[in-house]
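>>> Predicted structure and sequence below. I'll ask about it afterward.
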Amino acid sequence: MVALPLYVRHRERAPGGRRMGEEILVVYKKNFEEVHDRSLEEVRSVMDALVAERGANVGYTARETVRRADFSGPDLVIVLGGDGTLTSIAHSIDDKTPVMGVNSHPRVGDEDGSYGFYMGSDPSTFAVDVRAALDGDAIVNVLPRLQAEIETTSGNIIRCDPALNDLLVANTHQYQPSKYRLQRGAIDCMQYSSGCLFSTFLGQGAWFRHVVDIGDTDFPIEEINNHYLFVARDLPRPDRIDDGSYWEWTKERTVMISDMHRGYVVGDGWDETHFTRGATLTVGMGGPILNLLTFRETILERFEKWIG
């Protein structure tokens, strides 16, 4: 299996017809709902057959107990749940290990289910899809990720978890304003807001479009690799000018110098990384890519309405 440039369809085996290795980790959503338990049973049944047929080595762990070290060995990570499960797990996955999402509660036929934008499979197709993944016949979507870097006042550098959807920089006390100096290109200003939200092209529908009205903005396909969206949330209305300090689609890195007693960076609504007054934060599309497998369409084909 070869990782091709972003969003390119790929259905061929690696050079020489090599199959993927068969050390497999299944990470599942554990919330004691019958629909998720039933999906896990179906996945286990298929994986048991693969163990018998091909000698695959399969491990299982709940999302709530998984650790970064668990991802150092598998040739394939299977995430069973919804988009939230996948984005939270993806923080721990490097740029070499392919990830396969299986929607444990599809919305089809059940309005309470998950859309599963990142989930390329579900229990009804899993038996066919997992074999395609192992045989190198899946579509490899090479997805960019946001990343924040914090330089503390003592000069230490902290790299935050990469974010597939969005990343928030804000005061840890949400009832207090986020105060910071904002720098990007020609922009250099002090702001008081409820924090800055950054989003990848793919992640804009999760939160960003609920924060700011960007209308029918089209995104050139050649820019979606290295550009991201930025907005200063709840910025005073007189300060919402069209110079990129309120919201912007940009490839330039954004720098924030904290004037908050304590703030945090939160990627995809998951782990928090804290900083204090005087810290310098740099945010951009510098995170490790994620190799996400799909089987009948590319991830990009699901977002064509936003491409100019």
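Yes, it's here.
>>> pLDDT value on the residue nearest to residue 181 when sequence neighbours are not counted, please?
Among residues not flanking residue 181 along the chain, residue 257 sits closest, at 4.2 Å (C-beta to C-beta, 6 or more residues apart in numbering). Every C-beta, even on glycine, is put in place using the N, C-alpha and C of the backbone. What the model reports for residue 257 is a pLDDT of 98.
>>> how about residue 257, secondary structure?
Assigned by DSSP: H, G, I helix; E, B strand; the rest coil, the conformation of residue 257 is strand.
>>> count of neighbours near it?
16 (other C-beta atoms under 10 Å).
>>> any idea how far it is from residue 276?
12 Å (C-beta to C-beta, to the nearest Å).
>>> Now do the shared contacts for those two.
The contact sets of residue 257 and residue 276 do not overlap (C-beta atoms under 8 Å, 6 or more residues apart in numbering).
>>> What are the neighbouring residues in contact with residue 55?
For residue 55, the contact set (C-beta under 8 Å, 6+ apart) comprises residue 22.
>>> strand partners of the lengthiest strand in the chain, parallel vs antiparallel please.
If you go by DSSP state E, the chain has its longest strand at strand 280-294. Within its sheet, strand 280-294 is paired with strand 99-103 (parallel), strand 139-151 (antiparallel), strand 254-258 (antiparallel), according to DSSP bridges.
>>> Going by residue numbers, what spans are strands in the stretch 151-300 of the chain?
Ranges of strands in the stretch 151-300 of the chain, per DSSP state E, counting those that start in this stretch, are 157-159, 166-171, 178-184, 187-193, 196-199, 228-232, 247-250, 254-258, 262-267, 272-276, 280-294.
>>> right, and those strands - which one's nearest residue 80?
strand 280-294 (13.7 Å; C-beta to C-beta).
>>> now the closest one: mean pLDDT?
97.
>>> got the contact list for residue 161?
91, 92, 147, 267, 270, 271, 273.
>>> any idea how far residue 248 is from residue 199?
Distance from residue 248 to residue 199, by C-beta to C-beta: 11 Å.
>>> Likewise for residue 207?
Residue 207 is 7 Å from residue 199, by C-beta to C-beta.
>>> Show me which of these two is the more surrounded one.
residue 199 (24 against 16).
>>> ok, what's across the strand from the more buried one?
residue 166, residue 229.
>>> Can you work out which residues contact both of residue 207 and residue 199?
Shared contacts of residue 207 and residue 199, counting by C-beta under 8 Å, 6+ apart, come down to 165, 166.
>>> what about stretch 163-177, average pLDDT?
Stretch 163-177 comes out at a mean pLDDT of 96.
>>> then it to PDB, C-alphas only?
Extracted C-alpha coordinates of stretch 163-177, given in PDB (Å, rounded to 0.1, in the frame of the first residue of the first chain):
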ATOM      1  CA  ALA A 163      -5.700  18.000  15.100                       C
ATOM      2  CA  LEU A 164      -7.600  16.500  12.200                       C
ATOM      3  CA  ASN A 165     -10.600  18.800  12.600                       C
ATOM      4  CA  ASP A 166     -10.000  21.800  14.700                       C
ATOM      5  CA  LEU A 167      -7.800  23.300  17.400                       C
ATOM      6  CA  LEU A 168      -8.800  25.900  20.100                       C
ATOM      7  CA  VAL A 169      -6.500  28.300  21.900                       C
ATOM      8  CA  ALA A 170      -8.300  30.000  24.800                       C
ATOM      9  CA  ASN A 171      -8.400  31.100  28.400                       C
ATOM     10  CA  THR A 172      -8.900  28.000  30.600                       C
ATOM     11  CA  HIS A 173     -11.600  30.000  32.400                       C
ATOM     12  CA  GLN A 174     -14.200  30.400  29.600                       C
ATOM     13  CA  TYR A 175     -16.000  33.100  31.600                       C
ATOM     14  CA  GLN A 176     -12.900  35.300  31.300                       C
ATOM     15  CA  PRO A 177     -11.700  36.900  28.100                       C
END
